[in-house]
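**Student:** please find the sequence and the predicted model below.
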Amino acid sequence: MTIQKFGTAHWEGPIKEGKGLISTESGALKDQPYGFNTRFEGKPGSNPEELLGAAHAACFTMALSLILGDAGFTPTALDTKATVSLDKQEGGFAITAVHLVLTGTVPGASQEKFVELAEKAKANCPVSKLFKTEITLTAELKG
């Protein structure tokens, strides 16, 4: 079974002065502005790296929920931040790293078991498999 989802981008103009719009199939994003200034200069709007970070955080967290459930744990809360690093390299830019920061409340789980299962989710979530870069993880079990 293949599940297909899509996002779209529209662009007008040269790279630095041009402007674009990003949308998603679901409508969660509809004509969200992006451009050189939102990607490289910190101006308001979206950019590909934050979208990749959001996708990775969502995918990883869902995978962890499944893995925790298979191990007999029910998470009360899982919160993940995925920081995507974009670096200028010879020949252009590259995504050089993704760092996941996870905090979770999982009754009955030890810190060691939580980290073990989180590492498994990091290695096996579909978005992690997409990246050809180092993915690191910091996991903290609360209470």
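**Tutor:** Arrived safely. Numbers count the residues shown, from 1 in each chain.
**Student:** which residues touch residue 7?
**Tutor:** By C-beta atoms under 8 Å, 6 or more residues apart in numbering, the contact set of residue 7 is 22, 23, 24, 25, 29, 51. Any C-beta I mention is one placed from the backbone N, CA and C, and that applies to glycine too.
**Student:** the same query, at a cut-off of 7 Å, please.
**Tutor:** 22, 23, 24, 25 (C-beta atoms under 7 Å, 6 or more residues apart in numbering).
**Student:** equivalent analysis for residue 26, please.
**Tutor:** Counting by C-beta under 7 Å, 6+ apart, residue 26 has no contacts.
**Student:** and for residue 113?
**Tutor:** Contacts of residue 113 by C-beta under 7 Å, 6+ apart: none found.
**Student:** ok, back up a step: looking at the contacts of residue 7, which is nearest residue 58?
**Tutor:** Lowest distance from residue 58 to those (C-beta to C-beta) belongs to residue 24, with 12.3 Å.
**Student:** for the closest one, what are its contacts?
**Tutor:** Contacts for residue 24 (C-beta under 7 Å, 6+ apart) come out as residue 7.
**Student:** how many neighbouring residues does residue 86 have?
**Tutor:** 16 (other C-beta atoms under 10 Å).
**Student:** what comes up buried for the helix or strand hosting it?
**Tutor:** Residue 86 is part of strand 77-89 when elements are defined by DSSP states H and E. Under the neighbour-count criterion of 16 or more other C-beta atoms under 10 Å, strand 77-89 has 78, 80, 82, 84, 86 buried.
**Student:** run the chain-centre distance for it.
**Tutor:** Counting by C-alpha atoms, centre = their mean, to the nearest Å, strand 77-89 is centred 6 Å from the centre of its parent chain.
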